[in-house]
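*Asks:* no sequence on this one, just coordinates:
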């Protein structure tokens, strides 16, 4: 099955260069349909450029705090400089506390095709 996600320029470039191999998302109804072996087409929201990646693994957690403490943040696109300041609360820019509590969080492990 193929899925579609829009993504900001910086994480898009990190996926493109292979510096980001785990995409962090809310584990809502849309993401619950993603399975290992599926394809995700990422679209860079400013340029419309596309990348296709295969789902290699799914890491599911009750919230982003558990996700951040369990996953290798380098694989999530953080570098050494901003890993120290990475906070689960940063995901509130994208998802409300209520949504996170309802659905949990997922790290979608990807590999470019």
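*Replies:* Great, that's in hand. Here the structure is a predicted model, which means the values were calculated and not measured.

*Asks:* can we go C-alpha only for contacts and neighbour counts from here?
*Replies:* Will do.

*Asks:* could you point out the longest helix in the protein?
*Replies:* helix 9-17 (DSSP state H).

*Asks:* relative to residue 12, how far out is the residue nearest in space to the middle of the chain?
*Replies:* For the chain, the residue nearest the mean C-alpha position is residue 23 (1.9 Å; C-alpha atoms, centre = their mean). Counting by C-alpha to C-alpha, to the nearest Å, the gap between residue 23 and residue 12 amounts to 10 Å.

*Asks:* residue 42 belongs to a helix?
*Replies:* No. With the criterion set as DSSP: H, G, I helix; E, B strand; the rest coil, the secondary structure at residue 42 is strand rather than a helix.

*Asks:* wait, it sits on residue 7?
*Replies:* Yes. A contact is recorded between residue 42 and residue 7 when judged using C-alpha atoms under 8 Å, the distance being 6.5 Å.

*Asks:* gap between the one helix or strand in the chain whose mean pLDDT sits lowest and the chain center?
*Replies:* Confidence across the helices and strands of the chain bottoms out at helix 80-83, with a mean of 78, counting by mean pLDDT, DSSP states H and E. If you compare the mean C-alpha spot of helix 80-83 with that of the full chain, they lie 17 Å apart, counting by C-alpha atoms, centre = their mean, to the nearest Å.

*Asks:* how many neighbouring residues does residue 102 have?
*Replies:* 14 (other C-alpha atoms under 10 Å).
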